[in-house]
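Engineer: Test case, fold it:
(2 chains)
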There are 2 protein chains.
Amino acid sequence: MDEFAFINSIMPSQAQQPSLIKGIGDDAAVYKTSGQADQVVCVDTLVEGVHFRRDTLSPYQIGVKGLASNISDLAAMGATPAFYLVSIAVPESWNEKELREIYQGMEELAAEYRMDLIGGDTVSTPAALVLTITVIGQVERTKAKYRHDARAGDLVFLTGYVGSSAAGLELLLKRGRTGSFSEKELALVKAHQEPSPHVEQAGLFAGFAGRVALNDISDGVASEAYEIAEASGVSIVIGADSLPFHPGMDEHSFQQRLDWALYGGEDYVLLGAAAPADVKELKERFSARQLSFFEVGHIEEGEPGVFLRHNGQLKKLEKQGYNHFQKRR
Amino acid sequence: MDEFAFINSIMPSQAQQPSLIKGIGDDAAVYKTSGQADQVVCVDTLVEGVHFRRDTLSPYQIGVKGLASNISDLAAMGATPAFYLVSIAVPESWNEKELREIYQGMEELAAEYRMDLIGGDTVSTPAALVLTITVIGQVERTKAKYRHDARAGDLVFLTGYVGSSAAGLELLLKRGRTGSFSEKELALVKAHQEPSPHVEQAGLFAGFAGRVALNDISDGVASEAYEIAEASGVSIVIGADSLPFHPGMDEHSFQQRLDWALYGGEDYVLLGAAAPADVKELKERFSARQLSFFEVGHIEEGEPGVFLRHNGQLKKLEKQGYNHFQKRR
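Structural biologist: The predicted structure is shown next:
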């Protein structure tokens, strides 16, 4: 096999894109970088029965969602995805066809971002499928975004709806993945099953010269806001009425929507903070690309904490994440 | 926390060493590279009961061995280890102290190579601990070594003893990890429990300008030689009498030692091929560093295959790897 067969063609707009030198065959993959970019890497593990259930996600969707959550971690740093590695521990209850579908789900999402699969491992395990995905991305040198960059006076924003995934999960837990759903419900169900990480949005943040604190919504707005508050040493105030909800949630009570948004998680949109003038500029850039951008709160001095302003009252939120189907994550 | 607290101090001998920019706190780690180096990445998963057993390895040793096998994959490419990420799925049968010991095993081995832990995930699983380690290394641009570079006329070499790990495992399966072992036996037991990946040797190969095909002994000499034979499209002939065995195996029959060497695996030494003049030069460089280097065979034209020359007979070897404790790996 030609060792250069896997090199990406370098497009003018992607001159920074790293190139795979040798990816298949040897135990490790070799890739080169432009030297102008910082590397970003993260790993996430999904366990059957803990992070996903076969009655709510198809094997294909397990692949999509697994990779999406990792790509979202890259997006939260402002990075562009480049490579991924997949390690899977498989019990006997899964067949070859289902495994192929998991990989197909990852492949199709990866293709959207021109990501190459450059390695992995397949092993057996006595019980519960364990899917571990490592993703590698790049961000222009010094342009990575972190949680610790929020300052008092900043505005807080979200790049998309929150609570949709939890609302979709509730529908799936009630009716199963082969159940029948209205069009509105289906949007929520799909938000849970096949989330779209905010990679284009991440690129806008990375390309923005101003200071931006950034995180992604894996574990609910409350938990992710706490991460920013603690990393930055600030208080975050979120306006309950400012949280953006998908129209499919209109029939649910406000309290229910709020709970899903704050504690549901897996929405994989971006939560961030920046100075008001910068937020104005970012809003225009997002608008020019027809991407959503919602102001949802502001940053104050004070002990690290997250507060919800609701009906004129300020209430400190619990630092609680998504519990999936059982207690320990 | 100061985001630059994790930057490695750059030593003169390690000017190529990548630097961690931000590693703890955010979901992903950011690191920068010199731009003169290619990146090498690989991932491996170990499953309790499949790849390790608690009666043969302590938690500390599970950590050491898990990371060692990954570092060995980097060594097989001629790469220097730089970073690692650890994802662990833990059943209720493991306690916090044991988990800390696993990480301690990894940390102590990582410290030898100045590797930084830059990310990971800890999740629960219903049964069987699953440990997935991702390692990232670097190799000077274009200096990575691959399996596909063997040519007819090359000599085949090993950088250390083979079969020791399998011999040690047999002792452990008989007497358990708290059993009593002679000094010679203990060397074999330790070879199984706390292997040393051949990182220094990898550096000698990476620094060598000549063509070298390289692989590491994870799955036994037969299986690893097949990987080189198939990737390079050549036949490999290994001399049974040339295989290097630890003196602790002297009391075992030659056939037993041969079986362990060919099909045992987990020795994590390097197997390679290079032109005779280059092997001579490599031998001298290894000798100058007081590192072992054994000529064990040669490369011929022909259908990809691995042959053992023993008692004047040439026998085609089975393409068989290490089966651990059950069939499917």
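Engineer: can we go C-alpha only for contacts and neighbour counts from here?
Structural biologist: OK.
Engineer: Nearest residue to the residue in the stretch 1-150 of chain A that chain B sits nearest to in space, please, no chain neighbours.
Structural biologist: Nearest to chain B, among the residues of the stretch 1-150 of chain A, is A:Gly35, at 3.6 Å (Cα to the nearest Cα). Leaving aside its chain neighbours, A:Gly35 sits nearest to B:Gly35 (3.6 Å; criterion: Cα to Cα, 6 or more residues apart in numbering or on different chains).
Engineer: can you pull out the helices in chain A?
Structural biologist: Assigned by DSSP state H, chain A shows helices spanning A:59-75, A:96-112, A:164-175, A:183-193, A:199-206, A:221-232, A:254-263, A:276-288.
Engineer: and the third one with helix A:183-193, angle?
Structural biologist: Think helix A:164-175. Between helix A:164-175 and helix A:183-193, the angle formed by their directions is 110 degrees, by axes from the mean of the first three to the mean of the last three Cα atoms, to 10 degrees.
Engineer: Quick one: closest of the helices of chain A to A:Leu158.
Structural biologist: helix A:221-232 (9.4 Å; Cα to Cα).
Engineer: where does chain A dip in pLDDT?
Structural biologist: A:1-28, A:32, A:34, A:321-329 (pLDDT under 70).
Engineer: coming back round to it: what's the burial count for the residue nearest to A:Gly35?
Structural biologist: 18 (other Cα atoms under 10 Å in any protein chain shown).
Engineer: Surely it touches A:Gln39?
Structural biologist: No. B:Gly35 is beyond contact range of A:Gln39, at 11.0 Å (criterion: Cα atoms under 8 Å).
Engineer: Quick one: name the residues of the stretch 151-300 of chain A near chain B.
Structural biologist: Neighbours of chain B within the stretch 151-300 of chain A, by Cα under 8 Å from any Cα of the partner chain: A:Ala231.
Engineer: for the closest residue to A:Asp154 other than its chain neighbours, what are its contacts?
Structural biologist: In this structure, A:Asp154 finds its nearest non-sequential neighbour in A:Ala275, 4.3 Å apart by Cα to Cα, 6+ apart. Taking Cα atoms under 8 Å, 6 or more residues apart in numbering or on different chains as the criterion, A:Ala275 is in contact with A:Arg151, A:Gly153, A:Asp154, A:Leu155, A:Arg211.
Engineer: What distance do you get for A:Ala275 to A:Leu155?
Structural biologist: 6 Å (Cα to Cα, to the nearest Å).
Engineer: Do I have it right that A:Pro244 meets A:Phe294?
Structural biologist: Yes. Contact criterion Cα under 8 Å: A:Pro244 and A:Phe294 qualify, at 7.1 Å.
Engineer: Please say which of the two ends up with more neighbours.
Structural biologist: Remark: of A:Pro244 and A:Phe294, A:Pro244 carries more neighbours, 22 against 17, as counted by other Cα under 10 Å.
Engineer: A:Val269 and A:Gly105: what is the separation?
Structural biologist: From A:Val269 to A:Gly105 the distance is 20 Å (Cα to Cα).
Engineer: next one: A:Leu158
Structural biologist: 27 Å.
Engineer: Of those two, which one has the most company?
Structural biologist: For A:Leu158 versus A:Gly105, neighbours defined as other Cα under 10 Å are more numerous around A:Leu158 (25 against 22).
Engineer: Could you pull up the contacting residues of the more buried one?
Structural biologist: A:Val269, A:Leu270, A:Leu271, A:Gly272, A:Phe293, A:Phe294, A:Glu295, A:Val296.
Engineer: what's the spacing between the second one and B:Ile228?
Structural biologist: In this structure, A:Leu270 and B:Ile228 are 46 Å apart, going by Cα to Cα.
Engineer: Who's the closest spatial neighbour of A:Ala127, skipping the chain neighbours?
Structural biologist: A:Pro91 (5.1 Å).
Engineer: wait, A:Ala229
Structural biologist: In space, and not counting its chain neighbours, A:Ala229 is closest to A:Pro304: 5.1 Å by Cα to Cα, 6+ apart.
Engineer: from memory the one you found sits against A:Ser235, does it?
Structural biologist: Yes. Contact between A:Pro304 and A:Ser235 holds when scored by Cα under 8 Å: they sit 5.0 Å apart.
Engineer: so what sits against both of these two?
Structural biologist: With Cα under 8 Å, 6+ apart, A:Pro304 and A:Ser235 have common neighbours A:Ala229.
Engineer: So between those two, which is more surrounded?
Structural biologist: Between A:Pro304 and A:Ser235, counted using other Cα under 10 Å, A:Ser235 has the larger neighbour count: 24 against 18.
Engineer: so that one sits right up against A:Lys316, yeah?
Structural biologist: No. Contact criterion Cα under 8 Å: A:Ser235 and A:Lys316 do not qualify, at 10.0 Å.
Engineer: where do the contact lists of the two overlap?
Structural biologist: A:Gly305, A:Val306, A:Phe307.
Engineer: In JSON lines: those residues, plus distance to B:Leu186 and neighbour count.
Structural biologist: Listed next are the shared contacts of A:Ser235 and A:Lys316 as JSON lines, based on distance: Cα to Cα, whole Å; neighbours: other Cα atoms under 10 Å in any protein chain shown:
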{"residue": "A:Gly305", "distance to B:Leu186": "54", "neighbour count": "22"}
{"residue": "A:Val306", "distance to B:Leu186": "56", "neighbour count": "27"}
{"residue": "A:Phe307", "distance to B:Leu186": "59", "neighbour count": "21"}
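Engineer: wait, what's in contact with the residue nearest to A:Thr122 when sequence neighbours are not counted?
Structural biologist: Leaving out its chain neighbours, the residue that sits closest to A:Thr122 by Cα to Cα, 6+ apart is A:Ile88, at 5.0 Å. Residues near A:Ile88 by Cα under 8 Å, 6+ apart: A:Gly120, A:Asp121, A:Thr122, A:Val123, A:Leu129, A:Val130, A:Leu131, A:Thr132, B:Thr45.
Engineer: Max pairwise distance over these: which two?
Structural biologist: Farthest apart among those - using Cα to Cα - are A:Gly120 and A:Leu129, which lie 15.2 Å from each other.
Engineer: Please give me every residue in contact with A:Lys283.
Structural biologist: A:Phe293.
Engineer: no, scratch that, I was asking about A:Gln138
Structural biologist: With Cα under 8 Å, 6+ apart, A:Gln138 has these contacts: A:Gln17, A:Pro18, A:Ala37, A:Asp38, A:Gln39, A:Val40, A:Ala79, A:Thr80, A:Pro81, A:Ala82.
Engineer: ok, and which of the residues you listed reach chain B?
Structural biologist: Applying Cα under 8 Å from any Cα to these, those adjacent to chain B are A:Ala37, A:Asp38, A:Gln39, A:Val40.
Engineer: still on that earlier bit, please tell me how far the residue of the stretch 1-150 of chain A closest to chain B sits from B:Asp38.
Structural biologist: 10 Å.
Engineer: Can you report how many residues lie near A:Phe181?
Structural biologist: Residues near A:Phe181, counting by other Cα under 10 Å: 15.
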